[in-house]
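Participant: Provided below are the primary sequence and the corresponding predicted coordinates.
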Amino acid sequence: MAFRVDANSEIGTGHVMRCLTLARGIQNMLDGSGTPHSITFVNSQNSILLQERYAPCNFHHEVVQQFDSDVGHVAADLWVVDHYQLDEIFERKVSLTGAKVMVIDDLANRPHYCDLLLDVNFFDRGNRYKTLVPPQCKMLLGPECALLREEFYEQPMHDFVTRDPFRVLVCFGGSDPANMTSVTLDAIASIKDVQLQVDIVIGSGHQTKSDMIDKVNKITQITKHDMRLHIDCNQIAKLMQKASLMIGAGGSMHWERCISTLPALVVCVAENQVETTRCLSQENVCKYLGVWDQVSVEEVSKNLALLLQSPSTLKAMSQCAGNIVPRHKGTPYVSEQVLKLIQPLPLQQV
């Protein structure tokens, strides 16, 4: 089995993170059934962020020159393709080797040649892909199929009313190309009338990591806030269960927040995040502030203050969020569907 996926400072780390989650889910099932397996991640040479995550999971790693380079040297009975720049041309090539093809997408803006397609968007399920995939393609659609890490299913649920009402989580993904973390910290620094507990999560590849460390220390010194910076945090589910409000991006983090029943102020850092975020905002799951280059420090500060002053609003948002992503599906269900493509009989024993 092989994954074709990239991550760099411009496109972020979300594609690789969700593929790693799926790969681990599949790996757990195959290990549980005693089935021998090999999983390889293929990245292009300028898009190898998170490559250090592969070896600890016993995944192989290959680097190709361009995003559309031939991958015929990688043996795989199934390819998982999660890449906005690849379409049916690439997918047909790998299928000619006899491999099954799964596509992870959320744009629905190009044709695919695949046996299985996953799109966890909240809106317009099904119709968007009607003319974009083969008739026999099975589609897994909607946030109930969101690829969440094991920690989100293992983490015990905490009643929202027991959480600290002034605990805030800040996370805009591992790379945060728009540097919205810095804007948000400036907004938090302007909150003077209440003491906040603030957890800030960034990746080690963050473009202004050293500046972020200095800013957190400075804000801690000049305000009452308890600020904690987490770099390459592996306990995000635990932090989400403790917080009463998150400030972050759209994308896959929506579903992590939903399963954690966590309200949010959301700033979209990519165009493909906007439509889902608007829909979820209309459902009172979060409050959409706008696209990153249209959101000011003052806008974040104003909305943060308003929500902190309204526990009833936060509680209602928490309840709405919890209705979106059930715990009984997600990664285990998707992993099972993937394995059915290549192992219909052994899977019965998993």
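Facilitator: Yes, it's here. The model shown is predicted, which means the values in this text are computed figures rather than measured ones.

Participant: looks to me like Ile219 is in a helix.
Facilitator: Yes - with DSSP: H, G, I helix; E, B strand; the rest coil as the criterion, Ile219 is assigned to a helix.

Participant: please tell me I have it right and it contacts Leu185.
Facilitator: Yes - if you go by C-beta atoms under 8 Å, Ile219 and Leu185 touch, sitting 6.1 Å apart. Bear in mind the C-beta positions are built from the backbone N, C-alpha and C, glycine included.

Participant: higher neighbour count, these two?
Facilitator: Ranked by neighbour count (other C-beta atoms under 10 Å), Ile219 and Leu185 place Leu185 first, with 23 against 18.

Participant: so that one, which of the three states?
Facilitator: Assigned by three-state DSSP, the conformation of Leu185 is helix.

Participant: looking at it, it is touching Val170, isn't it?
Facilitator: Yes - contact criterion C-beta under 8 Å: Leu185 and Val170 qualify, at 7.2 Å.

Participant: common neighbours of these two, please.
Facilitator: Ile200 (C-beta atoms under 8 Å, 6 or more residues apart in numbering).

Participant: do you know the pLDDT at the residue nearest to Glu10 when sequence neighbours are not counted?
Facilitator: Nearest non-adjacent residue to Glu10, counting by C-beta to C-beta, 6 or more residues apart in numbering: Pro177, 6.0 Å away. As predicted, Pro177 sits at a pLDDT of 85.

Participant: tally up the residues packed near Pro177, please.
Facilitator: Pro177 has 17 neighbours, counted by other C-beta under 10 Å.

Participant: ok, now how distant is it from Gln294?
Facilitator: With distances taken as C-beta to C-beta, to the nearest Å, Pro177 is found 16 Å from Gln294.

Participant: likewise for Ser310?
Facilitator: Relative to Gln294, and taking C-beta to C-beta, Ser310 is found at 24 Å.

Participant: please apply the same query to Thr184.
Facilitator: Counting by C-beta to C-beta, the gap from Thr184 to Gln294 is 15 Å.

Participant: which regions of the stretch 251-350 of the chain sit below the pLDDT cut-off?
Facilitator: Low-confidence segments of the stretch 251-350 of the chain (pLDDT under 70): 344-350.
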